[in-house]
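J.: Structure of the sequence below:
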Amino acid sequence: MSFKNFALLFPHNSFSDFTFVCKDGSVETSRAILFGFDDNFRDYFLEHQNSRTYECSTLDCADINVYLDYVYNQESFKVDDNNIFQFANVSFGLDDINTMAVVDKWLEHSDEIKYHLVNLLEKLKLYEIDAFDSTDPEILFDIFDVPFRSQNNHEFICITIFLHI
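T.: Numbers count the residues shown, from 1 in each chain. All right, here's what the predicted structure looks like:
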């Protein structure tokens with residue numbers, strides 16, 4: 001199905017016959033466009049032929065609007081830093097494999113995300129079970145000693161750990 005002219009319908013409610021009911025309001029759209037675009041909604045509409053609403057109690061209207069922007073403007077739609085979180089919310093809130101694939105693709109190509117993930121992984125190494133094997137046991141006793149922790153600031157404790165690992 002070609003979506004070339006669907007973008008013209010997006011800001012107008014004249015063809016709306018379906019409503020997403022969100023936790024902060026509702027968003028109207030077209031059943032026909034959702035039916036043609038998304039297999040999940042096709043199956044939903046075939047099963048619930050008289051349904052005019054879809055409950056999205058975990059999603060905000062802003063999330064659904066980003067999703068509809070994607071549906072109506074698929075060829076020109078760009079996932080970016082401004083809409084990625086709403087788009088990810090939709091992919092999990094609607095359990096939609098197509099939007100999850102778009103989020104995954106964005107994550108693969110986002111240097112900023114990779115940078116944060118590498119930093120998180122580096123921090124997680126401290127929590128590995130063998131991370132403290134080479135540490136002097138006396139240092140470990142000090143670190144886990146309540147009076148020691150209450151008398152010293154966290155920066156000093158972290159420096160103590162890193163100097164002895």
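
J.: domain parsing for the chain?
T.: 6-113, 130-164 (automatic domain parsing).

J.: Include mean neighbour count and mean pLDDT when you put those into a markdown table, please.
T.: To be clear about C-beta, it is placed using only N, CA and C from the backbone, and glycine gets the same treatment. Shown next, in a markdown table, are the domains of the chain (neighbours: other C-beta atoms under 10 Å; pLDDT from 0 to 100):
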| stretch | mean neighbour count | mean pLDDT |
| --- | --- | --- |
| domain 6-113 | 16 | 82 |
| domain 130-164 | 11 | 65 |
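
J.: which residue ranges form the helices in the chain?
T.: Ranges of helices within the chain are 31-37, 39-47, 61-72, 84-93, 97-109, 111-124, 137-143, 146-151, 154-164, based on DSSP state H.

J.: Contacts made by stretch 35-54 with the rest, please.
T.: Under the contact criterion C-beta atoms under 8 Å, 6 or more residues apart in numbering, stretch 35-54 has outside partners 1, 3, 17-21, 26, 31, 34, 71, 74, 94-98.
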